[in-house]
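>>> curious how this folds, go ahead:
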Amino acid sequence: MAGMEIIKAEGLTKKFGSVRAVDDLSFSVERGSVTGFLGPNGAGKTTTLRMLLGLVTPDAGTATIDGRVYRDLAEPLHQVGAVLEASSFHPGRTARDHLRIQALAARADRSRIGDVLDLVQLTEAAGRRIGGFSLGMRQRLGLATALLADPEILVLDEPANGLDPEGVHWLRGLLQGFAAEGGTVLVSSHMLAETAQTVDSVVIVDHGRLVTQSPLASLTAHGDLEDVFLQLTGNTSAKSVKEAWK
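Got it, this is the predicted structure:
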């Protein structure tokens with residue numbers, strides 16, 4: 001099944017008032033890959049992911065998972081695990097209690113709770129209240145929640161925010177291992193150097209439109225990802241700062 005499209009956006013468009021957040025956007029993600037979803041702040045990345053997950057209704061176009069819109073998936077939480085925010089937890093609950101509630105909602109086997117706590121390295125903190133967690137710990141708990149129902153696909157919005165260098169290295173291994181076992185990852189990030197070490201391909205958007213979709217190796221054949229990204233998105237101020245520090 002490797003190489004087949006499992007996520008697909010076609011003509012995806014969304015306006016908020018006079019602002020066109022996503023503008024006729026089309027791209028695809030292949031099964032068994034880690035795909036980086038990149039763009040400057042305000043490029044429409046989060047809005048696109050929210051449309052993919054059925055949280056925002058597009059004005060035009062479609063975003064499908066395995067050929068279906070999210071609301072038509074037979075078992076959505078078993079097919080797609082998502083982390084869009086690291087703050088949407090009840091602060092008074094413990095990590096383990098949060099996962100118990102999520103397991104009921106997802107009809108996931110409760111034996112998975114211990115497994116995912118181990119996987120995200122939160123076993124020792126499982127009895128602590130989430131209100132005392134750092135941002136990095138909440139990111140790990142979000143990943144544990146996304147993985148609880150053993151999904152085929154992960155959709156992640158800036159999952160490395162709040163992680164220290166060791167945590168970022170750990171996340172890279174987690175995502176690559178997930179894909180190596182047949183899973184698919186679509187991950188937005190602004191950490192370009194780390195993205196270049198993690199993904200197989202990239203989708204770059206700017207002002208809500210597709211700039212390019214390419215295998216990483218092809219895109220970076222003549223320069224690093226940061227240089228290519230700045231060139232393609234026309235971010236001249238960022239390029240001048242980078243040159244000044246050389």
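
>>> give the contact list for the spatially most central residue of the chain.
Residue closest to the average C-alpha location in the chain (CA atoms, centre = their mean): Leu156, at 1.9 Å. Leu156 makes contacts with Ala82, Val83, Leu143, Ala146, Val185, Leu186, Val187, Ser188, as judged by CB atoms under 8 Å, 6 or more residues apart in numbering. Quick note: C-beta positions are derived from backbone N, CA and C, even for glycine.

>>> Provide the backbone phi and psi angles at it.
Backbone geometry at Leu156, expressed as degrees, to the nearest 10, gives phi -130, psi 130.

>>> likewise Val29?
phi -130, psi 130.

>>> so the residue nearest to the centre of the chain versus Thr94, what's the distance?
Using CB to CB, to the nearest Å, one obtains 23 Å as the distance from Leu156 to Thr94.

>>> show me this protein divided up by domain.
Per the record's domain assignment (automatic domain parsing), the chain is made up of the domains 1-75+150-215, 88-148.

>>> just give the nearest non-adjacent residue to Glu226, would you?
In space, Glu226 comes closest to Leu192 once its chain neighbours are excluded; the distance is 4.5 Å by CB to CB, 6 or more residues apart in numbering.

>>> where is the longest helix in the chain?
For the chain, the longest helix by residue count, based on DSSP state H, is helix 165-180.

>>> and that one, how far out from the chain middle?
For helix 165-180, the distance from its own C-alpha centre to the chain's C-alpha centre is 13 Å (CA atoms, centre = their mean, to the nearest Å).

>>> for the record, mean pLDDT for the helix or strand just after that helix?
Remark: after helix 165-180, the chain's next helix or strand is strand 184-188, criterion DSSP states H and E. Per-region confidence: strand 184-188 scores 97 on mean pLDDT.

>>> beyond strand 184-188, next helix or strand please.
Using DSSP H and E, the helix or strand that directly follows strand 184-188 along the chain is helix 192-198.

>>> can you show me the helices along the protein?
According to DSSP H, the helices that the chain contains are 45-52, 76-79, 95-106, 111-119, 135-147, 165-180, 192-198, 216-219, 225-233, 236-244.

>>> tell me which of those sits nearest to Pro58.
When the helices of the chain are compared for distance to Pro58 using CB to CB, the nearest one is helix 45-52, at 5.0 Å.

>>> what ranges of this structure fall below the confidence cut-off?
For the chain, the stretches flagged by pLDDT under 70 are 1-3, 86-87, 235-246.

>>> Val56: how many residues sit nearby?
Val56: 18 surrounding residues under other CB atoms under 10 Å.

>>> list the contacts for it?
Taking CB under 8 Å, 6+ apart as the definition of contact, the neighbours of Val56 are Lys14, Thr47, Arg50.
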